[in-house]
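J.: the sequence isn't on hand, but the structure is:
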Ligand code: GZL
């Protein structure tokens with residue numbers, strides 16, 4: 001687990017920006033939206049403790065950059081911790097943030113379960129918690145102020161809907177293999193649920209194998225190699241993120257098959273490498289999952305720190321891409 005402070009220079013710049021705003025000299029703006037008033041009444045910048053899942057995918061890298069850039073733009077001092085995809089590291093980081101008496105804690109829970117105890121400790125310490133990207137399965141929703149992130153079930157439905165339309169009228173069985181995200185994580189559970197709900201409308205669509213690739217390229221490649229060995233008749237791959245889909249493409253090509261043609265591929269995220277494979281015809285459809293949560297997160301941080309009401313749920317805007325849409329979007333793609 002690594003916990004990094006913003007380099008002293010950036011912190012000084014952030015404090016200076018906050019001081020300027022406090023002195024009424026600073027303007028609004030900055031990536032965080034609104035004014036850059038990241039400072040509580042005392043003039044000290046707000047401190048945000050952020051525990052990130054890890055650095056497992058292109059999506060995660062873009063999400064981390066968005067959080068870090070937005071904190072700096074909003075004049076918020078960021079204590080950033082990379083949990084390397086381990087829940088125990090996130091729990092340690094949250095306890096450290098509590099000891100440091102940060103103003104707000106935010107995190108993307110690597111899995112849905114096992115958070116009630118540490119969230120109760122934050123509540124007892126009177127430190128508000130914001131869930132970003134992924135949610136938790138705690139029955140007690142008073143343990144966090146709000147959840148900012150995508151509707152993963154809807155993302156799964158969008159992937160299933162595209163396949164349903166592509167195979168309308170098919171009389172032959174359509175054999176699907178599925179690369180699941182991290183076991184126990186909200187996106188893996190929900191993307192599988194949404195996809196299965198929609199493809200159930202066509203009995204010819206069957207998931208013949210489903211296994212976790214842990215959201216990584218290497219995981220996607222290894223599991224796809226095994227799928228190809230045990231299933232010579234795969235028609236479609238549904239991967240819960242681009243990175244696993246890109247790893248699977250390596251395995252498909254190594255097996256002498258043509259990705260996007262012999263095996264149709266649907267993924268989720270729409271990061272640049274995935275969009276390039278889509279433009280090249282190796283992936284057939286991508287459901288976007290927007291990682292640029294930083295500006296909305298900093299706005300929520302300032303509001304909860306000021307004791308303002310915030311919505312219990314903030315859903316991020318996102319779309320879908322086919323090959324033509326990917327070609328059009330690539331030149332201006334931010335991540
Ligand atoms: C989704 C996010 C997932 C991405 C993966 O919001 O939690 O984790 O889809 C990432 O690429 O690893």
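T.: Now that the structure is in, tell me what you want to look at. Here the structure is a predicted model, which is why all the values come from computation and not from measurement.
J.: wait, residue 105 sits on residue 96?
T.: No: between residue 105 and residue 96 there is no contact under C-beta atoms under 8 Å: 10.1 Å. From N, CA and C alone the C-beta is placed, and that goes for glycine too.
J.: same drill for these two, tell me which one is more crowded.
T.: Legend: neighbour count by other C-beta atoms under 10 Å for residue 105 and residue 96, higher for residue 105 (27 against 16).
J.: and the more buried one, that one's in a strand?
T.: Yes: checked against DSSP: H, G, I helix; E, B strand; the rest coil, residue 105 lies within a strand.
J.: from the ligand, how far out is it?
T.: From residue 105 over to the ligand the distance is 18 Å, taken as C-beta to the nearest ligand atom, to the nearest Å.
J.: likewise residue 304?
T.: Taken as C-beta to the nearest ligand atom, the span from residue 304 to the ligand is 21 Å.
J.: number of residues surrounding that residue?
T.: 21.
J.: sorry, back to before: name the residues contacting each of residue 105 and residue 96.
T.: residue 49 (C-beta atoms under 8 Å, 6 or more residues apart in numbering).
J.: which bits of this protein sit near the ligand?
T.: Counting by C-beta under 6 Å from any ligand atom, the chain comes close to the ligand at 56-57, 59-60, 133-134, 149-150, 187, 215, 241, 243, 268-269, 289.
J.: show the subsequent helix or strand relative to the helix ranked longest in the chain.
T.: Of all the elements of type helix in the chain, the one with the most residues (DSSP state H) is helix 58-74. Next in sequence after helix 58-74, counting helices and strands by DSSP states H and E, comes strand 77-82.
J.: give me every residue that touches residue 264.
T.: Taking C-beta under 8 Å, 6+ apart, we find residue 264 in contact with 163, 166, 235, 236, 237, 284.
J.: please apply the same query to residue 316.
T.: Residue 316 neighbours (C-beta under 8 Å, 6+ apart): 148, 149, 150, 290, 293, 296.
J.: enumerate every residue touching the fourth one.
T.: I take that to be residue 290. 150, 316, 317, 318.
J.: burial check on the first one, number of neighbours?
T.: The number of residues packed around residue 150, counting by other C-beta under 10 Å, is 24.
J.: my guess is it meets residue 313, correct?
T.: No: using C-beta under 8 Å, residue 150 is not in contact with residue 313; the gap is 11.2 Å.
J.: picking up where we left off before, how about the contacts of residue 290, which pair is most distant?
T.: With C-beta to C-beta as the measure, no two of those lie farther apart than 150 and 317, at 9.2 Å.
J.: among the contacts of residue 264, which pair sits farthest apart?
T.: Farthest-apart pair in those is 166 and 237; separation 13.3 Å (C-beta to C-beta).
J.: of the two, who's got more company?
T.: Ranked by neighbour count (other C-beta under 10 Å), residue 166 and residue 237 place residue 237 first, with 26 against 14.
J.: just how off-centre is whichever strand or helix holds that one within its chain?
T.: Assessed by DSSP H and E, residue 237 sits inside strand 236-239. Put simply, strand 236-239 sits 19 Å off its chain's centre (C-alpha atoms, centre = their mean, to the nearest Å).
J.: can you check stretch 62-77 too?
T.: That offset, for stretch 62-77, works out to 15 Å (C-alpha atoms, centre = their mean).
J.: buried sites along it?
T.: In terms of neighbour count (16 or more other C-beta atoms under 10 Å), stretch 62-77 has its buried residues at 62-64, 66-77.
J.: shouldn't residue 48 be in contact with residue 77?
T.: Yes: counting by C-beta under 8 Å, residue 48 does reach residue 77; the two are 7.1 Å apart.
J.: center of this protein - which residue?
T.: residue 133 (4.8 Å; C-alpha atoms, centre = their mean).
J.: distance of that residue from residue 210?
T.: 23 Å (C-beta to C-beta, to the nearest Å).
J.: over to residue 127?
T.: From residue 127 to residue 210 the distance is 39 Å (C-beta to C-beta).
J.: higher neighbour count, those two?
T.: Of the pair residue 127 and residue 210, residue 127 is the one with more neighbours under other C-beta under 10 Å, namely 20 against 16.
J.: which pair of the contacts of residue 316 spans the longest distance?
T.: Largest separation among the contacts of residue 316 by C-beta to C-beta: 150 and 296, giving 11.9 Å.
J.: could I get the full set of strands for the stretch 51-200 of the chain?
T.: Using DSSP state E, counting those that start in this stretch, the strands found in the stretch 51-200 of the chain span residues 77-82, 104-107, 129-132, 146-149, 174-180.
J.: what pLDDT, on average, does the second one get?
T.: Put plainly, it is strand 104-107. The pLDDT scores in strand 104-107 average 98.
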